[in-house]
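*Asks:* sequence plus predicted model, see below.
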Amino acid sequence: MTKVCLDTSFLISFADPSRPHHDIALGYYRYCLSNDIPMYISVVSAGEFEVKQSFTDLPLDTFRILPFNLPDALGAAHLFRVLHTEGSRDPCDARKIIINDLKIIAQAEEEGIGIILSEDENTMSRAASTLRTLSAAEAEVLLLKDGFTPGRLVTPDQTELPLISDLE
């Protein structure tokens with residue numbers, strides 16, 4: 001079963017109609033709802049979102065909230081060690097990776113969530129990609145900038161053109 005995790009940058013774009021990728025985030029949200037694809041939000045993302053906007057502004061009854069537990073913490077520490085002991089291959093090493101991204105990736109791994117929807121290509125996407133290359137994680141990050149491509153929720157590596165209506 002396909003499950004998705006929504007990171008903080010996705011939530012920000014989803015909640016703010018003035019953001020450039022708002023319509024794409026909304027498209028994924030509606031698609032997941034209409035196709036019974038569970039959408040998970042980590043309490044880590046909830047805390048980050050709450051810094052600038054109330055988390056309760058979101059339609060919380062449509063999401064599954066993931067608590068951050070001991071297995072998640074241990075998984076995040078493992079991912080951090082992998083990125084930093086595998087050394088120079090870490091694309092985020094120059095700017096020590098934001099540990100919250102690793103927490104979210106670890107939670108996705110622990111829960112068997114294969115897709116993370118995000119707008120963050122600098123840390124979240126690069127960290128997940130490096131961890132996949134190192135066989136330390138399987139979660140795939142789908143970036144909002146790549147457009148609304150619902151087929152990628154099932155097959156992340158699928159090359160699919162965004163829907164025409166989403167480009168207008």
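*Replies:* Perfect, thanks for sending it.
*Asks:* contact partners for Lys3?
*Replies:* Ile37, Pro38, Tyr40, Glu111, Gly112, Ile113, Gly114, Ile115 (Cβ atoms under 8 Å, 6 or more residues apart in numbering). Any C-beta I mention is one placed from the backbone N, CA and C, and that applies to glycine too.
*Asks:* how many other residues sit next to Thr2?
*Replies:* 15 (other Cβ atoms under 10 Å).
*Asks:* just the one 3 residues further on next, same as before
*Replies:* Residues lying near Cys5 (other Cβ under 10 Å) number 26.
*Asks:* ok, the one 4 residues further on next?
*Replies:* Burial measure for Ser9: 26 neighbouring residues, criterion other Cβ under 10 Å.
*Asks:* element containing it?
*Replies:* Ser9 belongs to helix 8-15 when assigned by DSSP states H and E.
*Asks:* show me the contact partners of that helix.
*Replies:* 6, 19-22, 24-26, 28-29, 41, 45, 48-49, 52-53, 57-58, 100, 117-120, 124, 144.
*Asks:* so in the chain, which helix runs the longest?
*Replies:* For the chain, the helix with the greatest residue count under DSSP state H is helix 70-85.
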